[in-house]
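Asks: pasting the sequence and the predicted coordinates here, then a few questions.
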Protein chains: 2
Amino acid sequence: MVTIKDVAREAGVSVATVSRVWNDAAFVSPETRQRVAAVASRLGYSPHGAARSLITRTTHALGVLLPDLYGEFFSEIIRGIDHTAQRAGYHILVSSSHDSKDEIDAALRSMRGRVDGMIIMSPDLEAQRTLHALQGSFPVVLLNGGAESRAFDTITIENHEGASAMVGHLVAHGHRRIAMIGGPERNYDAAERLRGYRTALGDGGIALDPSLLFRGDFSELSGHRAARSLLELEPRPTAIFAANDSMAIGALSALRESGLRVPEDMAVAGFDDIPLARYMNPPLSTVHVDIAKLGERAATLLLSSLQNGERQPQQLQLSTTLVIRSSCGGPVS
Amino acid sequence: MVTIKDVAREAGVSVATVSRVWNDAAFVSPETRQRVAAVASRLGYSPHGAARSLITRTTHALGVLLPDLYGEFFSEIIRGIDHTAQRAGYHILVSSSHDSKDEIDAALRSMRGRVDGMIIMSPDLEAQRTLHALQGSFPVVLLNGGAESRAFDTITIENHEGASAMVGHLVAHGHRRIAMIGGPERNYDAAERLRGYRTALGDGGIALDPSLLFRGDFSELSGHRAARSLLELEPRPTAIFAANDSMAIGALSALRESGLRVPEDMAVAGFDDIPLARYMNPPLSTVHVDIAKLGERAATLLLSSLQNGERQPQQLQLSTTLVIRSSCGGPVS
DNA sequence: TTGTAGGCGTTATCAT
DNA sequence: ATGATAACGCCTACAA
């Protein structure tokens, strides 16, 4: 491996000069600069990141801790983060499948000295408490984690607003028996979307019927299963609100298998507006979330706290918009 | 930040001893080990990654260079790589949106000293040539990049076999006018899938009709557009083979809008078998690829070459299987 | 069994 | 404008 010393020797200067050229510091004569640059490029030199970060105390890398996330949500988040990080000259160190407190702890430790800050997504409400340990010790942005802790920068989706808007829409179109396919029990987003469902029912003067509540795990399969058991209810619900699009799509396929028409026999709505939602048959009504932007914002938040550690932690919310397609029978937008 | 010195001072030993305890080297008395471990955990010490990798010459991180990839393909690849890396005690440094030669060069350089090896996915055939520069200088695995270069570890999908099997299936069911929605021009996977289409037509004794060839970019929208223009052909094709599922799904929605029935009026088939394929209406016939496994294999390949740099480069192919659902009108499996 | 000291590749601080 | 040299945090001969 070619080091700064090799370049220095070859160019007949000291390592200090090479370093100065590389970081285009002042006080280097044009000729020297020129000569060193030439040698460096001829030798294929580029500085050793670890050595550099040892002395500069900065790694130019962001850590990203994710839970076991599937589908497009996962990829869009990473894309958003990476895009923003890259433009600021940062890399991202990704570690996925961290759900429990211990896993998060371990990941945090093993990233020490390798990243300048971290974006942590842990929708599991339990795991949240772990994090309080590292208050202030290290720049952290919490993604979709419940914004209880004012000690951190946090960013969340307007889950409650989005869900209640969608369910409100269903109510406005005359639905009274609206089933909900919820998400995992301890998941923050899932809990908020359920809360939105409740709010909208309350606003519509509809009593909550616990038998209309089904639990899924955000996967298509769980949506499919929930829809199947939901169809055995007497009287049958007239609408289904799923806590995410994947489950709504699973429900759609279950309805088709049962010979029910959507939206005539059953209205269906989801949440997230994944790219495929509009291509469903029928096109899926859903709550739009700009997932990539969620990642971008998180990265931006982290980068700015890296530049100015003294500023107050911020709590951001990403807004949602209702996207009415034909699966819920409302007016097509 | 607490360093090895702090622990040493607090525990009343030398830094060497702390280091030994941490790397459980031999020759440390149980009492000392115990005491040092206690102090370390009390102080919340964990070694500084950069400092460590400077001396050990290993970072325990793998670089992952990806093109601008959308959808579930992207996330499954990362999941597969990360999963394997994590079990081996490695992190992954991800950098996406690298298509051109220059971008790849830059990313490679900026990762120097931060990773022990790299997984590079650059389906763009042009960019391939860049890589020849780093032959042997650095452990690299090429993912889906055309296996021309025997100098690298490579892993690809059985694109040609999968595509020809699917088109062969359509031919066997009596289709003679089979349109193809291909992928980007310089994309390796796309080129191979097109080649499979040609092979199957040839085997079926069907002359290639260039007017049946459409070009997409792997997105739903491009599939939608291709299908629309394809419908204006006289006589109309009876089947569509799309180079990936996203485009097939886009085509499906275009057909629906035009009032055509699938598979009665038009058979449709895709490639990849993304999780959502089975939930389409009608369920999508496609060529199954275990994308996460593709990532796993790539990581495994890289890790093993890290352990034994002297071994011969390997060229792996990931097999595909035909998944016949109802969108292509064949017998349902 | 433990400690001392040198060095990994780089930047920062002094000199010159 | 350039060069010597001391850090950065850690590991590892080698010495004790």
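Replies: Structure's in. What do you need? Quantities reported herein were computed from a predicted structural model and do not represent experimental measurements. Residues are numbered from 1 along each chain as shown, chains lettered A, B, ... in the order given.
Asks: rest of the way, CA atoms for contacts and neighbours
Replies: OK.
Asks: flag the shaky bits of the stretch 51-200 of chain A, pLDDT-wise.
Replies: A:125-137, A:146-149 (pLDDT under 70).
Asks: show me what from it comes close to DNA strand D.
Replies: For the stretch 51-200 of chain A, the residues in contact with DNA strand D (CA under 7 Å from any atom of the strand) are A:A51, A:R52, A:L54, A:I55.
Asks: secondary structure element holding the residue nearest the centre of chain A?
Replies: For chain A, the residue whose C-alpha lies nearest the mean C-alpha position (CA atoms, centre = their mean) is A:I77; its distance is 4.4 Å. Applying DSSP states H and E as the criterion places A:I77 in helix A:71-87.
Asks: buried set for that helix?
Replies: Across helix A:71-87, burial judged by 16 or more other CA atoms under 10 Å in any protein chain shown covers A:71-86.
Asks: quick check: next helix or strand after that helix?
Replies: Following helix A:71-87 in sequence, per DSSP H and E, is strand A:91-95.
Asks: does anything pack onto that next one? Which helices or strands?
Replies: Identification of packing neighbours for strand A:91-95 by 3 or more CA pairs under 8 Å, 6 or more residues apart in numbering or on different chains; DSSP states H and E yields strand A:61-65, helix A:71-87, helix B:71-87, strand B:91-95.
Asks: that strand vs strand B:61-65, what angle?
Replies: Orientation check (axes from the mean of the first three to the mean of the last three CA atoms, to 10 degrees): strand A:91-95 against strand B:61-65 gives 110 degrees.
Asks: give the buried residues for strand A:91-95.
Replies: The neighbour-count check on strand A:91-95 (16+ other CA under 10 Å) flags A:H91, A:I92, A:L93, A:V94, A:S95 as buried.
Asks: again with stretch A:301-317
Replies: Neighbour counts over stretch A:301-317 (16+ other CA under 10 Å) mark A:L301, A:L302, A:L303, A:S305, A:L306, A:P313, A:Q314, A:Q315, A:L316, A:Q317 as buried.
Asks: and the one helix or strand the fourth one maps to, how far out from the chain middle?
Replies: The one in question is A:S305. Assessed by DSSP H and E, A:S305 sits inside helix A:291-307. On the basis of CA atoms, centre = their mean, to the nearest Å, helix A:291-307 sits 11 Å off its chain's mean C-alpha point.
Asks: alpha carbons only: can I get that helix in PDB?
Replies: In PDB, the C-alpha atoms belonging to helix A:291-307 read as follows (Å, rounded to 0.1, in the frame of the first residue of the first chain):
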ATOM      1  CA  ILE A 291     -40.000   7.800   2.800                       C
ATOM      2  CA  ALA A 292     -36.800   8.900   1.100                       C
ATOM      3  CA  LYS A 293     -37.400  12.400   2.500                       C
ATOM      4  CA  LEU A 294     -37.700  10.900   5.900                       C
ATOM      5  CA  GLY A 295     -34.200   9.500   5.500                       C
ATOM      6  CA  GLU A 296     -32.900  12.800   4.000                       C
ATOM      7  CA  ARG A 297     -34.300  14.800   6.900                       C
ATOM      8  CA  ALA A 298     -32.800  12.500   9.400                       C
ATOM      9  CA  ALA A 299     -29.400  12.800   7.800                       C
ATOM     10  CA  THR A 300     -29.700  16.500   7.500                       C
ATOM     11  CA  LEU A 301     -30.600  16.800  11.200                       C
ATOM     12  CA  LEU A 302     -27.600  14.600  12.100                       C
ATOM     13  CA  LEU A 303     -25.200  16.500   9.900                       C
ATOM     14  CA  SER A 304     -26.300  19.900  11.300                       C
ATOM     15  CA  SER A 305     -25.800  18.700  14.900                       C
ATOM     16  CA  LEU A 306     -22.400  17.500  13.900                       C
ATOM     17  CA  GLN A 307     -21.500  21.000  12.800                       C
END
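Asks: list the helices and strands that helix packs on?
Replies: Helix A:291-307 packs on helix A:71-87, strand A:117-121, strand A:140-143, strand A:153-157, going by 3+ CA pairs under 8 Å, 6+ apart.
Asks: tell me if the shortest one is near chain B.
Replies: When you say that, I think you mean strand A:140-143. No: judged by CA under 8 Å from any CA of the partner chain, strand A:140-143 stays clear of chain B, getting no closer than 16.0 Å.
Asks: check which helices and strands that strand sits against.
Replies: Here strand A:140-143 touches strand A:117-121, strand A:153-157, helix A:291-307, going by 3+ CA pairs under 8 Å, 6+ apart.
Asks: off-centre distance for it?
Replies: Mean-position distance between strand A:140-143 and its chain equals 10 Å (CA atoms, centre = their mean).
Asks: so which of the helices and strands packed on helix A:291-307 comes closest to B:R256?
Replies: helix A:71-87 (24.2 Å; CA to CA).
Asks: report whether the closest one contacts chain B.
Replies: Yes: judged by CA under 8 Å from any CA, helix A:71-87 and chain B are in contact via A:G71, A:E72, A:F74, A:S75, A:E76, A:R79, A:D82, A:H83, A:Q86.
Asks: how about those residues in CSV, adding distance to DNA strand C?
Replies: Below are those laid out as CSV (distance: CA to the nearest atom of the strand, whole Å):
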residue, distance to DNA strand C
A:G71, 39
A:E72, 38
A:F74, 34
A:S75, 33
A:E76, 33
A:R79, 28
A:D82, 23
A:H83, 24
A:Q86, 19
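Asks: pick out the most distant pair among those residues.
Replies: A:G71 and A:Q86 (22.9 Å).
Asks: anything in stretch A:238-256 near chain B?
Replies: Yes: Stretch A:238-256 lies within reach of chain B by CA under 8 Å from any CA, at A:I249, A:G250, A:L252, A:S253.
Asks: re the thing from before, closest to DNA strand D out of the buried residues of stretch A:301-317?
Replies: Nearest to DNA strand D among the buried residues of stretch A:301-317 is A:L306, at 17.9 Å by CA to the nearest atom of the strand.
Asks: I figured the closest one hits A:V115, correct?
Replies: No: if you go by CA atoms under 8 Å, A:L306 and A:V115 don't touch, sitting 11.1 Å apart.
Asks: and the strands in the stretch 101-250 of chain A, which stretches?
Replies: Here the stretch 101-250 of chain A has its strands, by DSSP state E, counting those that start in this stretch, at A:117-121, A:140-143, A:153-157, A:178-182, A:213-215, A:239-242.
Asks: deepest in the core, which of those is it.
Replies: strand A:239-242 (a mean of 29; mean count of other CA atoms under 10 Å in any protein chain shown).
Asks: related to what we said a few turns ago, dump the residues of the stretch 51-200 of chain A next to DNA strand D into a markdown table; add distance to A:T199 and neighbour count as well.
Replies: Converted to a markdown table, these look like this (distance: CA to CA, whole Å; neighbours: other CA atoms under 10 Å in any protein chain shown):
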| residue | distance to A:T199 | neighbour count |
| --- | --- | --- |
| A:A51 | 55 | 19 |
| A:R52 | 54 | 16 |
| A:L54 | 52 | 18 |
| A:I55 | 54 | 11 |
